[in-house]
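Participant: Predicted coordinates and the sequence they were generated for:
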Amino acid sequence: MTDNMTAAEFGQRTPTPDPALKQLGDALLGIWQVSGGAQGQISYEWMEGGFFLIQHVNLGGTRGIEVIGRTTGFGATEPSEDIKSRYYGGMGETFDYVYELEGNTLIIWGGEKGSPAYYKGTFSDDGDTLTGEWVWPGGGYQSSATRVK
């Protein structure tokens, strides 16, 4: 709620789901088997309302959850320019990301857009395989994911 917006006006807002997030969700929804530098399974589903994607992670026996969408803050009237996320891991870790989808190329930036830590992958023509690489200063690994459901 902004300083010049009353509680009643704030409650009457009717936001609509973001088209770019819907496109990202359409590409990612489902259960994926991951191989390469990380092994396991991830899945994506919509949170009720269609404003956020939820990713469930089980890689290398480590479980976590990630919430993906546009962010807003107290007093914000418009959502963030970037599609952002926060990952919460089973060992107490949290990571922030920025998602970009251009055509069949997915980039997941570690922290902020333009970061030296990122994932860049390409979807197959049928959209059921995502092949790419995680990169960070001093390291990285190849990764492939296949939609199984």
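Facilitator: Thanks, I have it. Numbers count the residues shown, from 1 in each chain.

Participant: Where is the longest helix in this structure?
Facilitator: Counting by DSSP state H, the longest helix found in the chain is helix 19-28.

Participant: Tell me where the chain is predicted with low confidence.
Facilitator: Scanning the chain for pLDDT under 70 picks out 1-14, 76.

Participant: rerun that using 50 as the cut-off
Facilitator: Within the chain, the stretches with pLDDT under 50 are 1-2.

Participant: Strands of that one, residue ranges please.
Facilitator: Taking DSSP state E, the strands of the chain run over residues 30-36, 40-46, 52-59, 62-69, 83-89, 94-102, 105-110, 118-123, 129-136, 139-147.

Participant: Could you check the angle the longest helix of the chain makes with strand 52-59?
Facilitator: Interaxial angle, helix 19-28 versus strand 52-59 (axes from the mean of the first three to the mean of the last three C-alpha atoms, to 10 degrees): 30 degrees.

Participant: Contact partners for N104?
Facilitator: Residues near N104 by C-beta atoms under 8 Å, 6 or more residues apart in numbering: 122-125, 127. Any C-beta I mention is one placed from the backbone N, CA and C, and that applies to glycine too.
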